[in-house]
Every structure is written in C-alpha cells, then in structure tokens.
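Peer 1: Quick one: sequence and predicted model below, then my questions.
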Amino acid sequence: MKKVITYGTFDLLHWGHINLLKRARDLGDHLTVAISTDEFNDIKGKKSYHSFENRKMILESIRYVDKVIPENDWEQKIKDVVENDIDVFVMGDDWEGKFDFLKEYCEVIYLPRTVGISTSKIKDDLLQVNNG
C-alpha cells in the first residue's frame, strides 16, 4: 500500500482544498491529513474560525481522507513520515522547496494550487461584502 500525507489548517474548506485532497489521494492508496491544532495556530499567529475538533470531523467525512492526525509543531514531519510509514509527502506549490529535507525519508511532491480560490480570498471577499 502506498501512503501519502499532507498538512494544513483546512479551516474554511473550499474546492481548492478538495482538489488538493483528491490529487494527493490519487498519488497513493491511503491519505493521512495532518491538521494544525488550535494551539499550533496560535504559535503561527493564525486564528481559525472552526475548532480543531470540528475541522477534524469535517476532514474525516471527506472520501479522499483515510486518517486525520494533529499537527502540533513544525518539527514533527519527519516523525510523522516514519511512524505512519509514508511514501509520499504532498504540499501546495506555494511551499516549493520548504520540505525538501524530507526527501531522504519519502518522495516530496508540490502540487499547483487551485487558481482563483484560497482561504485568504474568502476572508477578504467576506470583509468587502460586510464593509460594502
């Protein structure tokens, strides 16, 4: 079985997230998704609309996702890859090169982002609607 992993906050879920999850799952037989905990988001200076538990529940309901684990810190990726017997690490291409250190443990693939959508765009659009 070929195992794939990806990471993210997955807060305001949109079709870009679904495209990433589908393309990641298509690279193997099993997809693990590591989602940032609320505490880790605080460290990163991010604030999620949905709690970790709600984001986890949403991701677990998506057919492309086989397993959801917490992301607690930047340093856990090697441990996650080794402990979950991961063959392919996948991230959006906005992270190009940032995780190449994992190449000694698994294949690293950066997928192109879906054009025209992002969580930041949704937040900006909502601000414009509410302020317009």
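Peer 2: Structure received.
Peer 1: quick one, what contacts residue 41?
Peer 2: Counting by CB atoms under 8 Å, 6 or more residues apart in numbering, residue 41 makes contact with 9, 47-48. C-beta coordinates here come from the backbone N, C-alpha and C atoms, glycine included.
Peer 1: Can I get the buried part of those as one PyMOL selection?
Peer 2: Buried residues among those (16 or more other CB atoms under 10 Å), as a PyMOL selection:
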select buried, resi 9+48
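Peer 1: closest to residue 63 among the contacts of residue 41?
Peer 2: residue 9 (20.5 Å; CB to CB).
Peer 1: Find the nearest non-adjacent residue to that closest one, please.
Peer 2: The shortest distance from residue 9 to any non-neighbouring residue, by CB to CB, 6 or more residues apart in numbering, is to residue 36 (4.7 Å).
Peer 1: I'd like the contacts of residue 41 laid out as TSV, including pLDDT, distance to residue 109 and secondary structure.
Peer 2: TSV is the format used below for the contacts of residue 41 (pLDDT from 0 to 100; distance: CB to CB, whole Å; DSSP: H, G, I helix; E, B strand; the rest coil):
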residue	pLDDT	distance to residue 109	secondary structure
9	94	20	coil
47	88	29	coil
48	90	26	coil
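Peer 1: still on that earlier bit, phi and psi next, for the residue nearest to residue 9.
Peer 2: When read as degrees, to the nearest 10, the backbone of residue 36 gives phi -60, psi 130.
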